[in-house]
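Visitor: coords please:
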Amino acid sequence: MTYDELVTNIRNYTEVDANVFSNSVINTFITMAENQILREIDLDVFKLEVAGNMTSGNKFLAAPSGILTHRYMMITVAGDQIFLDFRDTSFMKEYWADGTDTGVPKYYSVWDQNTFYVAPTPAQNYTVELGYIYRPTQLSSTNPTTWISTNAPEALLYACLIQAYSYTKGPLEMLQYFRQSYKEAIQGLGVEQQGRRRRDEYRDGMLRIPLKSESPGP
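Guide: Purely as a prediction, here's the structure:
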């Protein structure tokens, strides 16, 4: 589904024209709908890994731009890859109260939206790999298709219609219908994601649908 198709569908489903549902209003619906989808389901397509460096004596590490949530942090020590354990910042401050001492980092936490905090403070420079989920570019007139609009158009449309009916204070039964439809679309997308993670054709074989066959007659 393209941006123009989504805009048309929202207006057609709600029977509200461009005088009320201007492009700017619909863009707000899309922002809220995409945010809702990204919060409710972990989509593999938006997973990335980025390499960086920890600097000796610096307990802070800049987060990549566009990060939505972290997944893991791993450093290389003497050729070995070591995963850091995630902890709350309060734990970090108690565990490593004297920030002047240094060592091999064991833990990391979110300091703010742009920065990670590691402890112990690195005793030397370390190569770090960060796995995270990024925020994709929103569907818009200048970005007419996205992975979500192409692969999960039902979820996107229903999420937008929930926003549209809330905006116009439309009939409660229609709002409930779109909420249920959205829930089913998200559940279907979640099942699809789980299936992709659990199966491998080499080990499991291809998915096959059993067909009922007639019993051979005499």
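
Visitor: Just give me the neighbour total for the residue nearest to residue 18 when sequence neighbours are not counted.
Guide: Counting by CB to CB, 6 or more residues apart in numbering, residue 18 lies nearest to residue 11, which is 6.9 Å off, once chain neighbours are set aside. C-beta: built from backbone N, CA, C; applies to glycine. By other CB atoms under 10 Å, 16 other residues sit near residue 11.

Visitor: Please identify the longest helix in this structure, counting by residues.
Guide: When the chain is parsed with DSSP state H, its longest helix is helix 172-198.

Visitor: by contact count, what packs against that one?
Guide: Helix 172-198 is packed against helix 153-168, with contacts defined by 3 or more CB pairs under 8 Å, 6 or more residues apart in numbering; DSSP states H and E.

Visitor: Check which helices and strands the helix it packs on sits against.
Guide: With 3+ CB pairs under 8 Å, 6+ apart as the test, helix 153-168 has helix 3-14, helix 23-40, helix 147-151, helix 172-198 packed against it.

Visitor: at 6 Å what do you get?
Guide: Judged by 3 or more CB pairs under 6 Å, 6 or more residues apart in numbering; DSSP states H and E, the packing partners of helix 153-168 are helix 3-14, helix 23-40, helix 172-198.

Visitor: how about a markdown table for these, with mean pLDDT and distance to residue 138 added?
Guide: Formatted as a markdown table, the helices and strands packed on helix 153-168 follow (pLDDT from 0 to 100; distance: least, CB to CB, whole Å):
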| stretch | mean pLDDT | distance to residue 138 |
| --- | --- | --- |
| helix 3-14 | 96 | 10 |
| helix 23-40 | 94 | 6 |
| helix 172-198 | 84 | 18 |
